[in-house]
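# Everything below, folded, please.
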Amino acid sequence: MNLLNSKSLIGRWLFVSSASAALLLGASAAKTQAVPAVLVAQSPTLVTSSAQAETLYLNEDRSYAYNLELEQAATIGDLYLPAGTVIQGSYEPAGDDGLRYVARAALVNGQSYAISAVSDVIDDQKDPRDTSGGAIAEDAAVGAAGGAVLGEVFGGIDLGEVLGGAAAGVAVGNLTADQVVVIEPDEPIMLYAQ
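I've put the predicted structure just below:
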């Protein structure tokens, strides 16, 4: 074998070797990059929702004992809580802003375990039952009737008085609607372990 052919063979071997090494390193680098980083939370978050099938309308100035249901498995300390775990606690007043859920126990396989977790404040809002289409129509009808009565008392019913009374009825009904905390059955409630 002459010197020119041996250089060519060595060159091919180096090229194939370096290409193979690049492929192997590239594949392992790709595998390394594909593994997501795991973040460890300082305090576990429990994703829950109301265990009641109906919408709850709660006043912000009193406590209500209701259960929640854990949507995703979680661990608090050494306690593993599978999805579907019943969380026991209550909605409690959080100043003038609404309510906060305070969890006190978790039921796992028929066994109750003490836990301590709270939600953020769940804000109050105008009671949707008082501001729905039917409630607005009712307020308008009462206002229109009041406008008609006033028109009759002061000398004849006028369309403007009836419409003005209807508008006033709607405005008063909307202004006097109660403030409540609305809990929908499928709405997530995040609890933060303490």
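# What's the first helix or strand after the helix or strand of the chain with the lowest mean pLDDT?
Ranking every helix and strand in the chain by mean pLDDT, DSSP states H and E puts helix 3-34 at the bottom, with a mean of 45. Downstream of helix 3-34, the first helix or strand assigned by DSSP states H and E is strand 45-50.
# which of the residues in the next helix or strand after that following strand are buried?
Sequence-wise, the next helix or strand downstream of strand 45-50 (DSSP H and E) is strand 56-58. Residues L58 are the ones in strand 56-58 that count as buried (16 or more other Cβ atoms under 10 Å). Where you see a C-beta, it was placed from the backbone N, CA and C, and this is true even at glycine.
# Would you map the strands across this protein?
Using DSSP state E, the strands of the chain run over 45-50, 56-58, 64-70, 74-76, 79-81, 86-93, 98-108, 111-119, 122-123, 125-126, 179-183, 189-193.
# Would you mind giving those strands as CSV with mean pLDDT added?
Putting the strands of the chain into CSV (pLDDT from 0 to 100) gives the following:
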stretch, mean pLDDT
strand 45-50, 97
strand 56-58, 97
strand 64-70, 98
strand 74-76, 93
strand 79-81, 94
strand 86-93, 98
strand 98-108, 97
strand 111-119, 97
strand 122-123, 96
strand 125-126, 92
strand 179-183, 95
strand 189-193, 97
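# Could you check how many residues crowd around D97?
Residues lying near D97 (other Cβ atoms under 10 Å) number 13.
# residues in contact with it?
Going by Cβ atoms under 8 Å, 6 or more residues apart in numbering, D97 touches 60, 121, 123-124.
# likewise V86?
V86 touches 51, 67-70, 106-107, counting by Cβ under 8 Å, 6+ apart.
# what about it, distance to L70?
Distance from V86 to L70, counting by Cβ to Cβ, to the nearest Å: 8 Å.
# Now list the buried members of the contacts of V86.
67-70, 106-107.
# List just the nearest of these to L191.
Using Cβ to Cβ, the shortest approach to L191 within the buried ones among the contacts of V86 belongs to L68, at 7.5 Å.
# separation between the closest one and A51?
Relative to A51, and taking Cβ to Cβ, L68 is found at 6 Å.
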